[in-house]
Each structure stands twice: as structure tokens, then as C-alpha cells.
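Visitor: mind looking at a prediction? Sequence and model below.
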Amino acid sequence: VSPTFCVPPPPRDGAGHSSWRMRVRAWTLAVAGVLLVVAGTVLLLVTPAIMRRQVKANVQIDPASGMAYTMWRDIPVPFYMSLYFFEVKNPQEILRGEKPVLVQRGPYIYREYRQKSNITFHNNNTVSYREYRRYYFYPDGSAGNESDEIVLPNMLALSAALMVEDWPYALKLIFSTALKTFNETPFIKKTVKEIMWGYDDPLIDFLNRIFPGIIPFKGKFGLFAEMNNSDTGLFTVHTGVDNITKVHVIDNWNGIKKVNYWHSEQCNMIDGTAGEMWPPFLTPSNLLTFYSPDSCRTLELVFQKSDWTFDIPTFRYVAPKTMFANGTVFPPNQGFCPCRQSGVLNVSTCRHNSQVFISHPHFYNGDPVLWEAVDGLHPSEKDHALFIDIHPLTGIPLNVSIKLQLSLYIKAVQGITETGNIQPVLLPLLWFDESGTIDGPAVNTFYYFMVVLPVICQYLQYILLSAGCVLVVVALALGIVHLKKQVPHRKKVSGIATVSREVTERSLLLPADAANTSLGQARYLMD
């Protein structure tokens, strides 16, 4: 065994005692350094596994999982829906066939409250629920009041006119007479509240009585009348208890796994999550897939960049340019056709056959023909691109902005004089930004457990490794210094022993007096 690591009892002389202390220090530092390196290595290897285990335990939909279940049941993100209306400035000119001129009005902001109810857990590790939405006007952030009046296309009259376009002339004449009788005009002036939540219109009762089934609702007509105090359907999603990669993924919606609105198996599939949370451990190669009942289809977002939200690492996901592309530009979307220009989705099949289209605001990412057909549109990525900032480790969104536009296809219908000479055009009605940012105690708790603690563990493991390596290096340096000091001392001791042995051997061959003299010389040399 090397003498550097063997610690014999301390010698009595001063030089030997100093050498012994140096050995002890080197040995102690080496042991301490090795222990620190081992501790740092163990922490380096174990911390990711511990974090993954904790994430799995806390993101699954389980009442016993604590924070994640509470966040799923009672979403801590305050949602706001900001609406921007496109007011028509030249309705009479449009009737004469001229280009529409629009002016954007808004935002009119509503605070959105979401509440899950009828939560039922099943034996196959799924849970069913309905999520109800309620909207309350938020005047502080709005550019006006709900009493503001805005000129918009008469959706009810113009949509119904397109529905009867292929009817016999006699029936269209009856319909046109009804429009005149009830003073229905192609463009109407209504308050924001009426446009949003509905207004009474005698045409509704007439159509339901004379032409049953032409419109699928009764009572008031409003763009969002069916959304307030209503749910988006019965979702059944995986809890992730048996497989964490399936947590929040939809098993079925309203008891079905695919819809029948579209013309291909792929377009009808209900995939992804409900759009609130996603499975954990996301990588940039993952897509954010979710089913949107409002859009009647599954949507996919793609990774754009890594970023930070409230000092929390996030991935930003955005809509690909192909989201609303037509089948010519993007063949997989052929199942959503019949299509118009690329950049809009015809949702008439799931919106009672009314010629309503959804797209990005101002036809962003759409064919320029769309926004050039009207005056007043200025598409830009900054103002009109949707995004989701999500924490990749947990799959929890921290900042959301979903922006969509509703447009109405209008044109002159032969036999319906009220439609005048309107040229075929996709006329924007409004666009909305449904946004939410995690806030309050939830973000503080999230930041502490998902950022601070992992960072502390990360720094601690590197500190232990660094300190351990430094101590080992210092111990080696002390050992080298000790060995260098030992070499001259050993040579001196070896030389003295040789002289003493030679003198002793010589003294045995000499007379007594000479021997005593030789021994004295030897003692002198040794001294």
C-alpha cells in the first residue's frame, strides 16, 4: 500500500510529525472529495428520475394528486374574450355591387368563467365531465359599452336567402315577401349586446311556421346566444393513472370518437386533448393536438421557439400555415371541402348550413384575394397569430391566445330582391381573442415546485461535483509534495546507514584504540 494513504502513528521527532500531519490532511481531503463527487454524481443521476416521478404523480387526473387536479377542475387561469367587430360603412354601395368598406370596432371584452360539472370517474382510467362557460361584460378594459350600435350584415336574412336559392320561384317569392313584411334589410344596426346574446326577430317565428327546419333554433338570434351558460359537450378523457402519456387525451366526445361533418376519415377524427392541458414531457417534435367543438374539428399547433413566461421555461406553439389551407394547397385538408380560397374553413355543415367560415383574423395566412376583396383589413402576425405558451415538463399552458374570425359568405340571390346586386364576397363579421394567463397564488406555487426546486437541485449537484473535484486535486497535490520531501530524507538516512555499517565492519578488523577512534568519527558524521 502506498505510504501516502497509510497513516502510521505519529513519530516523536519534529520533522516526522510534520510529515505525518501532511499525510493525514491529504488522506482526509481525498476521502472528503471522493464522497462529494459520489454525492454529486448520485444527485445528477437521481434528480431527473425523481422529477419525472413527481410530475407523473401530480399531473394525472386524480383527486389525490393535489395541485394538478385542482388546476384541472377549477382552472386558475382567468380567461378573457376580446371581440372586434367589422362595422360596414357603405351598406348601400354594397347593394349596388361595390366593394365593402369595413372599420374595426373594439375590443369589447368579456370575462369568461369555466366550471366543470358532472365529473364521473370510470373503471377504465377515464373521467367524464361537462364544462360550462359564462360570460360577463368587462367594461374596464373595453373600448366601448354593450349599448354601442354597430352596422353588420343581417346574418339571419342573408343566410336564409342562400338556403332558399335553389327553391322554386314561387317559394322564393313568398320568402322575399316575408322579408319585406318584417322590414328585414340586408344590413342592420344592433347593439353589441344584441349581436352577442340575441334579439327578438319575428322572421324566426315565421320561418319556423311556414318553412319548418330551415333554421334550427327558436326565440332570439345572436352570434353567441348558444354559448353563454352552456357546455361544449360531454368529454371523456384519460386520467393518466395507467399511462401518463395519455393524460388529458380524449377517449370520446358525446359518446363518439369521430364526427360526421367532413368528407374523410382523417378530418372527422376526434384527436388530442380538450385544449386545456396536455401530457407532460413535451419535446419540440411534439404537436399540440386538441379537438375544438366550436370549430367542429381537430386542430394542431406546431412548435415555434423556446421561451420564458414569468421566469418559467416554456415552449411556444403556433398555428401552421396549413391549418385553414384548402385541399389544393394542402391535400390532407381536402376532406374539409368544398373549399373557397386557401385560408378559410367552411363550417356550414356543423353550423346549421349557414354560410359561416372561420379563419385567422383579417384573413392572416390566407390567400391575399380574401383580404383584398374588402377595404379595412390589415393582417399581421403580431396582432392576429394565435399561440400557446406551455410548460413542457408538465404540459400545463401558462399563456394562451386563441384568435379566430367569423365571416359570412354573401351574394345576390335571384328572386330575392332584398339582396340587390351584392357581389359574391366573404365578408368578415368579427374576430375574437380568447386569452388567459396563469396568475395569482397558482403561478407562485407552480414557480416554486417546477422551477425553484429543480434549479436548486441542479446547482447543488454541480457544486458537490466541483467541490469534490477540487478537494481530490488538493489531496493529490499534498501527496505529491509529501513524496518529494520524502526522497531527500530517505537518501540521507540511507547514506548514514551505509557509513555506519562500513565503520562497524572496519572496527572489527582494527585494534581497540583504532576501533574506538573510527566509531567516534562515525558518531560525529551521524551527528
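Guide: Structure's in. What do you need? Everything quoted here is computed from the prediction, not taken from an experiment. Residues are numbered from 1 along each chain as shown.
Visitor: so residue 439 is in which element?
Guide: Here residue 439 sits in a region with no helix or strand, counting by DSSP states H and E.
Visitor: the closest residue in space to residue 104 that isn't next to it in sequence and residue 234, how far apart?
Guide: Leaving aside its sequence neighbours, residue 104 sits nearest to residue 84 (C-beta to C-beta, 6 or more residues apart in numbering; 5.3 Å). (Glycine included, C-beta is placed from N, CA and C.) Residue 84 sits 32 Å away from residue 234, going by C-beta to C-beta, to the nearest Å.
Visitor: next one, pLDDT for the residue nearest to residue 104 please.
Guide: Residue 84 is assigned 98 on the pLDDT scale.
Visitor: that one - how many residues pack around it?
Guide: Neighbour count for residue 84, taken as other C-beta atoms under 10 Å: 20.
Visitor: bridging residues for it?
Guide: For residue 84, the beta-bridge partners under DSSP bridges are residue 431.
Visitor: list the contacts of it.
Guide: Residues near residue 84 by C-beta atoms under 8 Å, 6 or more residues apart in numbering: 104, 105, 106, 107, 108, 361, 430, 431, 432, 433.
Visitor: quick check: phi and psi at the third one.
Guide: Its backbone dihedrals place residue 106 at phi 140, psi -180, with angles given as degrees, to the nearest 10.
Visitor: and it, what does it touch?
Guide: Taking C-beta under 8 Å, 6+ apart as the contact definition, residue 106 lies against 82, 83, 84, 85, 142, 143, 144.
Visitor: closest one of the contacts of residue 84 to residue 312?
Guide: Distance to residue 312, by C-beta to C-beta, is smallest for residue 433 among those, at 22.3 Å.
Visitor: could you give the mean pLDDT of whichever strand or helix holds that closest one?
Guide: Using DSSP H and E, residue 433 sits within strand 425-437. Mean pLDDT, strand 425-437: 96.
Visitor: that strand packs against which elements?
Guide: Judged by 3 or more C-beta pairs under 8 Å, 6 or more residues apart in numbering; DSSP states H and E, strand 425-437 is in contact with strand 79-88, strand 102-121, strand 149-153, strand 396-410.
Visitor: can you put the ones you listed in JSON lines and add distance to residue 176?
Guide: Listed next are the helices and strands packed on strand 425-437 as JSON lines, based on distance: least, C-beta to C-beta, whole Å:
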{"stretch": "strand 79-88", "distance to residue 176": "22"}
{"stretch": "strand 102-121", "distance to residue 176": "27"}
{"stretch": "strand 149-153", "distance to residue 176": "17"}
{"stretch": "strand 396-410", "distance to residue 176": "16"}
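Visitor: go through those and name the closest to residue 468.
Guide: Per C-beta to C-beta, nearest to residue 468 of these: strand 396-410, 36.1 Å.
Visitor: how far away is residue 318 from residue 360?
Guide: On the measure of C-beta to C-beta, residue 318 and residue 360 end up 11 Å apart.
Visitor: overlap in contacts of the two?
Guide: In contact with both residue 318 and residue 360: 385, 386, using C-beta under 8 Å, 6+ apart.
Visitor: and those two? Which one has more around it.
Guide: Taking other C-beta under 10 Å, residue 318 and residue 360 do not tie; residue 360 has more neighbours (23 against 17).
Visitor: ok, now which ones touch the more buried one?
Guide: 319, 323, 324, 343, 366, 379, 384, 385, 386, 403, 404, 405 are the contacts of residue 360 under C-beta under 8 Å, 6+ apart.
Visitor: how about it, phi and psi?
Guide: Residue 360 adopts backbone torsions of phi -70, psi 150, taken as degrees, to the nearest 10.
Visitor: tell me the spacing between it and residue 348.
Guide: 19 Å.
Visitor: equivalent analysis for residue 173, please.
Guide: Taking C-beta to C-beta, one finds residue 173 at 25 Å from residue 348.
Visitor: these two - which one has more neighbours?
Guide: Counted by other C-beta under 10 Å, residue 173 and residue 348 do not tie: residue 348 has more neighbours, with 18 against 14.
Visitor: next up, the contacts around that one.
Guide: Counted by C-beta under 8 Å, 6+ apart, residue 348 has contacts 354, 355, 356.
Visitor: least confident of the residues you listed?
Guide: Model confidence across the contacts of residue 348 bottoms out at residue 354, which has 80.
Visitor: isn't that residue up against residue 159?
Guide: Yes - using C-beta atoms under 8 Å, residue 354 is in contact with residue 159, at 4.2 Å.
Visitor: what residues are shared contacts of these two?
Guide: With C-beta under 8 Å, 6+ apart, residue 354 and residue 159 have common neighbours residue 408.
Visitor: give me the most central residue, the chain.
Guide: In the chain, the C-alpha closest to the average C-alpha coordinate belongs to residue 390, at a distance of 2.2 Å (C-alpha atoms, centre = their mean).
Visitor: element containing it, please.
Guide: Per DSSP H and E: strand 387-391 holds residue 390.
Visitor: residues of that strand that come out buried?
Guide: Residues of strand 387-391 classed as buried: 387, 388, 389, 390, 391 (neighbour count, 16 or more other C-beta atoms under 10 Å).
Visitor: which of these lies closest to residue 481?
Guide: Of all the buried residues of strand 387-391, residue 391 has the smallest distance to residue 481: 51.8 Å, by C-beta to C-beta.
Visitor: how far away is that closest one from residue 277?
Guide: 10 Å.
Visitor: okay, helices next: where are they in the stretch 401-527 of the chain?
Guide: Here the stretch 401-527 of the chain has its helices, by DSSP state H, counting those that start in this stretch, at 441-447, 453-507, 512-526.
Visitor: among the contacts of residue 360, who's most crowded?
Guide: residue 324 (28 neighbours).
Visitor: and that residue, that's in a strand?
Guide: No - the assignment for residue 324 (DSSP: H, G, I helix; E, B strand; the rest coil) gives coil, which keeps it out of a strand.
Visitor: returning to that earlier point: what residues does the strand holding residue 390 touch?
Guide: For strand 387-391, contacts defined as C-beta under 8 Å, 6+ apart pick out 278, 282, 288, 301, 304, 307, 309, 312-318, 396-402, 446, 450.
Visitor: where does the prediction get shaky in the stretch 201-350 of the chain?
Guide: By pLDDT under 70, the low-scoring segments of the stretch 201-350 of the chain are 213, 216-217.
Visitor: and with 80 instead?
Guide: Along the stretch 201-350 of the chain, the model assigns pLDDT under 80 to residues 207, 210-219.
Visitor: all strands for it, in order.
Guide: Using DSSP state E, counting those that start in this stretch, the strands of the stretch 201-350 of the chain run over 230-238, 250-253, 288-292, 297-309, 312-318, 344-346.
Visitor: out of those, deepest packed?
Guide: Mean neighbours per residue, mean count of other C-beta atoms under 10 Å, is largest over the strands of the stretch 201-350 of the chain for strand 344-346, with a mean of 22.
Visitor: count of neighbours near the closest residue to residue 380 other than its chain neighbours?
Guide: Once flanking residues are discounted, residue 380 sits nearest to residue 364: 7.0 Å by C-beta to C-beta, 6+ apart. Neighbour count of residue 364, defined by other C-beta under 10 Å: 25.
Visitor: ditto for residue 202
Guide: Residue 202 has 12 nearby residues by other C-beta under 10 Å.
Visitor: about what we covered before: now the strand holding residue 390 against strand 297-309, angle please.
Guide: Relative orientation of strand 387-391 versus strand 297-309 (axes from the mean of the first three to the mean of the last three C-alpha atoms, to 10 degrees): 60 degrees.
Visitor: so in that sheet, which strands flank strand 387-391, and in what orientation?
Guide: Strands that pair with strand 387-391, judged by DSSP bridges, come out as strand 312-318 (antiparallel), strand 396-410 (antiparallel).
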